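Trainee: Just need the structure, nothing else, for what follows:
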Amino acid sequence: MERNRIMRAVLLLLFLMLPFSGCSREPGRRLDPAAAETEAVPGSAAHEADTVVVYVCGYVREPGVYTLPADARAGDAVKAAGGFLPQADTEYINLAGMLSDGEQLRIPSKTETAGGGADGAAADDGLVNINTADAETLETLPGIGPAKAEAIIAYRDEQGGFTVIEDIMLVPGIKEAAFSRIKDHIKV
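Mentor: The predicted structure is shown next:
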């Protein structure tokens with residue numbers, strides 16, 4: 001009973017602090033108190049006509065959902081997401097293209113667009129691309145089971161991928177011994 005009362009008090013305190021925390025009610029966009037009076041009310045027809053909401057993902061610095069002006073271009077969405085990561089194929093997306101509400105803008109890596117494909121299996125050399133391989137493909141590598149495959153995917157999602165095969169040793173649980181078993185079977 002006492003625990004419930006404490007939890008309610010903490011939640012009430014957090015709720016009361018929300019307006020002062022700088023949190024926006026719209027993902028990817030900070031609310032500017034000075035501009036609040038001139039903005040359309042979120043959810044209103046005027047607001048929806050003035051903005052688009054897009055999901056920017058892939059090889060950008062800050063993937064997420066962003067609210068942008070209705071006349072925004074793909075380049076504006078990439079800029080809102082912090083820009084390209086070094087591995088991004090910056091020429092794959094038409095940066096001058098208009099955005100549409102609800103669009104997903106996925107920025108691929110150079111290795112994905114160079115012919116390695118999103119499945120990570122290369123048709124020619126038989127090497128597994130550690131930047132694009134799914135968990136099942138990663139598990140075909142010597143000593144890589146489900147847990148390590150998921151750790152590789154989590155690391156590459158957080159860090160934006162690997163630049164050299166040796167970077168795989170930055171993944172928790174993969175050290176020199178594991179790398180020596182897989183180094184002849186992988187590529188970036």
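Trainee: Contact partners for the nearest residue to Thr111 once chain neighbours are set aside?
Mentor: In space, Thr111 comes closest to Asn131 once its chain neighbours are excluded; the distance is 5.3 Å by C-beta to C-beta, 6 or more residues apart in numbering. Placement of C-beta: from N, CA and C, glycine included. Counting by C-beta atoms under 8 Å, 6 or more residues apart in numbering, Asn131 makes contact with Gln87, Ser109, Thr111, Glu112, Gly116, Gly120, Arg156, Gly161, Phe162, Val188.
Trainee: In a markdown table, list the residues you listed along with neighbour count and pLDDT.
Mentor: As requested, the contacts of Asn131 are arranged in a markdown table below (neighbours: other C-beta atoms under 10 Å; pLDDT from 0 to 100):
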| residue | neighbour count | pLDDT |
| --- | --- | --- |
| Gln87 | 21 | 88 |
| Ser109 | 25 | 84 |
| Thr111 | 21 | 80 |
| Glu112 | 24 | 79 |
| Gly116 | 24 | 47 |
| Gly120 | 23 | 43 |
| Arg156 | 21 | 90 |
| Gly161 | 24 | 86 |
| Phe162 | 24 | 89 |
| Val188 | 21 | 89 |
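Trainee: so what's the spatially most central residue of the chain scoring on pLDDT?
Mentor: In the chain, the residue lying closest to the centroid (C-alpha atoms, centre = their mean) is Pro63, at 3.6 Å. Pro63 is assigned 93 on the pLDDT scale.
Trainee: does the residue nearest to it when sequence neighbours are not counted sit in a helix, a strand or a coil?
Mentor: Leaving aside its chain neighbours, Pro63 sits nearest to Cys57 (4.4 Å; criterion: C-beta to C-beta, 6+ apart). Secondary structure, DSSP: H, G, I helix; E, B strand; the rest coil: Cys57 is strand.
Trainee: Much appreciated, bye for now.
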